[in-house]
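K.L.:
predicted model follows, preceded by the sequence.
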Amino acid sequence: MTEFSGKSVYKGITIGKVLVLKNKDFQIKRTKVGDAEAEIGRVNDAKDQAKAQLQALYDKAVKEVGEASAAIFEVHQMMLDDDDYLDSIYNMIHTEMVNAEYAVAVTGDNFAEMFANMDDDYMKARSADVKDISERLVRNLSGEGDADLSSMEPSIIVADDLSPSETVQMDKEKILGFVTVHGSTNSHTAILARMMNIPALIGVPMDLEQIHTGMEAVVDGFESKVIFEPDEEVRTAVEGRIKEEQEKAHMLQTLKGKENVTLDGKKVNIYANIGSVGDVGYVLENDAGGIGLFRSEFLYLGRSDFPTEEEQFQAYRQVLQTMAGKKVIIRTLDIGADKQVDYFNLGKEDNPAMGYRAIRICLKQPDIFKTQIRALLRAAVFGNLSIMYPMIIAVEEVKKIYEIVEEVRQELEAKGIPYKMPEQGIMIETPAAVMVSEELAQLVDFFSIGTNDLTQYTLAIDRQNAKLDDFYNPHHTAILRMIKMVTDSAHKYGKWAGICGELGADLELTEEFMKMGLDELSVAPSMVLKLRKAVREMRVTPEA
């Protein structure tokens, strides 16, 4: 019996057989060729085959995990057409007269190393993407193609890391859990685990050479550990805990259709956060009262140019119609910081989290903003839409936003295009917005507190920096006081206040949030019923 600790990305527990996915070490030999053009033709054929594979993966991913999670396959298709990457391969074949496999492998290594050494976090992340597409080309050139993971047995997937290509090929019904040596809480694997409600651990210091397919393992997301070849005592205890979790899950299902109300009659709206149109099914499946945060930037990611007004309108309308009158709060474009898009030409920044991002881009480049606002106002006709503006720091910004929105409204009115003026609110995610929240409350219809950024800005801690995990404390008294201050400011002027950051799903704070008087908590779809259960079992005011 061997036990390892890691970082849990979804709390759950499972036991089952292991499927170890190891990166295939191709023994790529450098061989001299007599016909460079023939080798280049092989590269182009392998590239076409890769693009077809990636398109199939994209189509499958859209159906299973939504457009936001599927967008990586569009990025990979575009990277396959990158002139610098291809020219490097072609040039090596021509000048050194080497085989296609060798030229692709060396170019892939060179580009991956170049990206990995860059300062920008987004560009560093491209290193793994270059490796992925290069390995795909080599597999195709070698006649290996894609591994068939669709017919796997129910398994706990163990790997060094998992690429989007690997995870999307798997039969999702047969994945019991994920355990990886590397990865991050924002990786495709982590997102998938949270969507599917399956236990997953990352950062597990295991030696994959010592772990074999067919071994039995326990993945415990509650205690952040994995146990290989558990003994009978552990197995019996785990099976008992799994049964308890299944009973809890069944009990949660009985809460569908019930109110989010405490024992002493205090009500709260429980909504869901989503990242794409494809995620709406999770909202309905978990009986959320509405959508408290719809991240519209998914429309801008994984493409080579700005989405058109019509593309945005159709996406927003689809969500509103599907939600059938339930509130849908769409956050305007929040690009920048950890979400970079090449065609925005934002440039390199030393501190992108505090840089040119979100509403700042929209106010400096109003044409981009106006296109989105037009689409939103047109879509508002089809449901209960609210618009939310991110990264606000001043009253003047809100006034400028309203001027732009009014310009758009007048344009639509003049052209006779149907529209509706929705409720307009702001995200409170900067200490500045907290301190002027009384003034802001007099202008907007609601506040939604983005606790992730608010915490990092207040504590001066980069939430992406693993070295600072011991210092990052979202329960810090300063954060909780700020949330209370914002809620009081909203209520003073008859406005509602909610939380759409990760803290909203923190069950240790639910009672405190209810006592503060928060009107809404928006969480991952998988947390909706758990939060409802906690609310229904608590008493906010002491019994007389």
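P.N.:
Perfect, I can see it now. Residues are numbered from 1 along each chain as shown.
K.L.:
next up, identify which helix or strand residue 89 is on.
P.N.:
helix 83-96 (DSSP states H and E).
K.L.:
mind checking what helix or strand follows that helix in sequence?
P.N.:
Going down the chain from helix 83-96, the next helix or strand is helix 100-116, by DSSP H and E.
K.L.:
against which helices or strands is that following helix packed?
P.N.:
Using 3 or more CB pairs under 8 Å, 6 or more residues apart in numbering; DSSP states H and E as the contact criterion, the secondary-structure elements in contact with helix 100-116 are helix 36-65, helix 83-96, helix 121-141. (Each C-beta comes from the backbone N, C-alpha and C, glycine too.)
K.L.:
return the distance of the first one from the chain's centre.
P.N.:
Remark: helix 36-65 is offset 25 Å from the chain centroid, using CA atoms, centre = their mean, to the nearest Å.
K.L.:
angle of it against helix 83-96?
P.N.:
Here helix 36-65 runs at an angle of 150 degrees relative to helix 83-96 (axes from the mean of the first three to the mean of the last three CA atoms, to 10 degrees).
K.L.:
closest one to residue 540 among the helices and strands packed on helix 100-116?
P.N.:
Of all these, the one in closest proximity to residue 540, counting by CB to CB, is helix 36-65 (37.0 Å).
K.L.:
report the buried residues of the closest one.
P.N.:
By neighbour count, with 16 or more other CB atoms under 10 Å as the criterion, the buried positions of helix 36-65 are 36, 39-40, 42-43, 46-47, 49-51, 53-54, 57-58, 61-62, 64-65.
K.L.:
picking that back up, I'd like the helices and strands packed on helix 100-116 as JSON lines, with mean pLDDT and distance to residue 2 appended.
P.N.:
Conversion of these to JSON lines gives the following (pLDDT from 0 to 100; distance: least, CB to CB, whole Å):
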{"stretch": "helix 36-65", "mean pLDDT": "86", "distance to residue 2": "32"}
{"stretch": "helix 83-96", "mean pLDDT": "91", "distance to residue 2": "41"}
{"stretch": "helix 121-141", "mean pLDDT": "80", "distance to residue 2": "28"}
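K.L.:
now render the ones you listed as a markdown table, adding distance to residue 252.
P.N.:
As requested, these are arranged in a markdown table below (distance: least, CB to CB, whole Å):
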| stretch | distance to residue 252 |
| --- | --- |
| helix 36-65 | 22 |
| helix 83-96 | 48 |
| helix 121-141 | 35 |
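K.L.:
show me where the stretch 251-400 of the chain has helices.
P.N.:
Along the stretch 251-400 of the chain, the segments classed as helices by DSSP state H, counting those that start in this stretch run 280-285, 309-323, 359-364, 366-379, 395-415.
K.L.:
among those helices, show me which one is buried the most.
P.N.:
Ranked by mean neighbour count under mean count of other CB atoms under 10 Å, the helices of the stretch 251-400 of the chain are led by helix 366-379, which reaches a mean of 21.
K.L.:
okay, that helix in CSV with CA atoms only?
P.N.:
C-alpha atoms of helix 366-379 as CSV (Å, rounded to 0.1, in the frame of the first residue of the first chain):
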residue,chain,number,x,y,z
PRO,A,366,-15.2,51.6,-27.5
ASP,A,367,-15.9,50.0,-30.9
ILE,A,368,-15.2,46.5,-29.4
PHE,A,369,-17.5,47.4,-26.5
LYS,A,370,-20.3,48.8,-28.6
THR,A,371,-20.5,45.7,-30.7
GLN,A,372,-21.0,43.6,-27.5
ILE,A,373,-23.5,46.1,-26.0
ARG,A,374,-25.6,46.0,-29.3
ALA,A,375,-25.7,42.2,-29.2
LEU,A,376,-26.7,42.3,-25.5
LEU,A,377,-29.5,44.9,-25.9
ARG,A,378,-30.9,43.0,-28.8
ALA,A,379,-30.8,39.6,-27.0
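K.L.:
ok and the helix holding residue 89 relative to helix 121-141, angle-wise?
P.N.:
Going by the same axes, to 10 degrees, helix 83-96 makes 50 degrees with helix 121-141.
K.L.:
just the buried residues of helix 83-96, please?
P.N.:
Buried residues in helix 83-96, counted by 16+ other CB under 10 Å: 85, 86, 88, 89, 90, 92, 93.
K.L.:
of those, closest to residue 130?
P.N.:
Sorting the buried residues of helix 83-96 by distance to residue 130 puts residue 85 at the head of the list, at 7.5 Å, by CB to CB.
K.L.:
give the contact list for the closest residue in space to the closest one that isn't next to it in sequence.
P.N.:
Beyond its immediate neighbours in the sequence, the residue positioned closest to residue 85 (CB to CB, 6 or more residues apart in numbering) is residue 111, lying 6.1 Å away. In this structure, residue 111 makes contact with 85, 88, 130, 134, judged by CB atoms under 8 Å, 6 or more residues apart in numbering.
K.L.:
got a markdown table for the residues you listed, with distance to residue 486 too?
P.N.:
As requested, the contacts of residue 111 are exported to a markdown table (distance: CB to CB, whole Å):
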| residue | distance to residue 486 |
| --- | --- |
| 85 | 47 |
| 88 | 52 |
| 130 | 43 |
| 134 | 48 |
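K.L.:
of those residues, just say which sits nearest to residue 321.
P.N.:
Comparing the contacts of residue 111 against residue 321 with CB to CB places residue 130 closest, at 39.7 Å.
K.L.:
the nearest residue to residue 393 once chain neighbours are set aside: helix or strand, and which one exactly?
P.N.:
Taking CB to CB, 6+ apart, and ignoring the residues beside it in sequence, residue 393 has residue 432 as its nearest neighbour in space, at 4.1 Å. Using DSSP H and E, residue 432 falls within helix 431-435.
K.L.:
lowest-confidence helix or strand of this structure?
P.N.:
Taking mean pLDDT, DSSP states H and E as the measure, the helix or strand of the chain with the lowest value is helix 164-169, at a mean of 62.
K.L.:
report pLDDT for residue 463.
P.N.:
On the pLDDT scale, residue 463 is placed at 66.
K.L.:
likewise residue 251?
P.N.:
According to the per-residue confidence, residue 251 scores 84 in pLDDT.
K.L.:
contact partners for it?
P.N.:
Residue 251 makes contact with residue 533 under the criterion CB under 8 Å, 6+ apart.
K.L.:
sorry, back to before: now for the helix holding residue 89, which elements pack on it?
P.N.:
Under the contact criterion of 3+ CB pairs under 8 Å, 6+ apart, helix 83-96 touches helix 36-65, helix 100-116.
K.L.:
do that again at 10 Å, thanks
P.N.:
Other helices and strands packing on helix 83-96, by 3 or more CB pairs under 10 Å, 6 or more residues apart in numbering; DSSP states H and E, are helix 36-65, helix 100-116, helix 121-141.
K.L.:
of all those helices, which lies closest to residue 523?
P.N.:
With respect to residue 523, and counting by CB to CB, the nearest of those is helix 36-65 at 18.4 Å.
K.L.:
and the angle for that closest one with helix 100-116?
P.N.:
Counting by the same axes, to 10 degrees, helix 36-65 lies at 60 degrees to helix 100-116.
K.L.:
gap between the helix or strand that helix 36-65 is followed by and the chain center?
P.N.:
Proceeding C-terminally, helix 36-65 gives way to helix 67-80 as the next helix or strand, assigned by DSSP H and E. Between the mean C-alpha location of helix 67-80 and the chain-wide mean there is a distance of 14 Å, by CA atoms, centre = their mean.
K.L.:
could you number the chain from 183 rather than 1 from now on?
P.N.:
Sure thing, new numbering starts at 183, so read that last one as helix 249-262.
K.L.:
pull the CA atoms of helix 249-262 into CSV?
P.N.:
In CSV, the C-alpha atoms belonging to helix 249-262 read as follows (Å, rounded to 0.1, in the frame of the first residue of the first chain):
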residue,chain,number,x,y,z
GLU,A,249,-17.5,25.6,-26.2
ALA,A,250,-15.2,27.3,-23.7
SER,A,251,-13.4,24.0,-22.9
ALA,A,252,-13.4,22.9,-26.5
ALA,A,253,-11.8,26.1,-27.8
ILE,A,254,-8.3,24.7,-27.2
PHE,A,255,-8.7,22.4,-30.2
GLU,A,256,-9.4,25.4,-32.4
VAL,A,257,-6.2,27.0,-31.0
HIS,A,258,-4.2,23.9,-31.9
GLN,A,259,-5.6,23.9,-35.5
MET,A,260,-4.5,27.5,-35.9
MET,A,261,-1.0,26.7,-34.4
LEU,A,262,-0.6,24.0,-37.1
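K.L.:
if anything else comes up later, I'll come back, but that's it for now.
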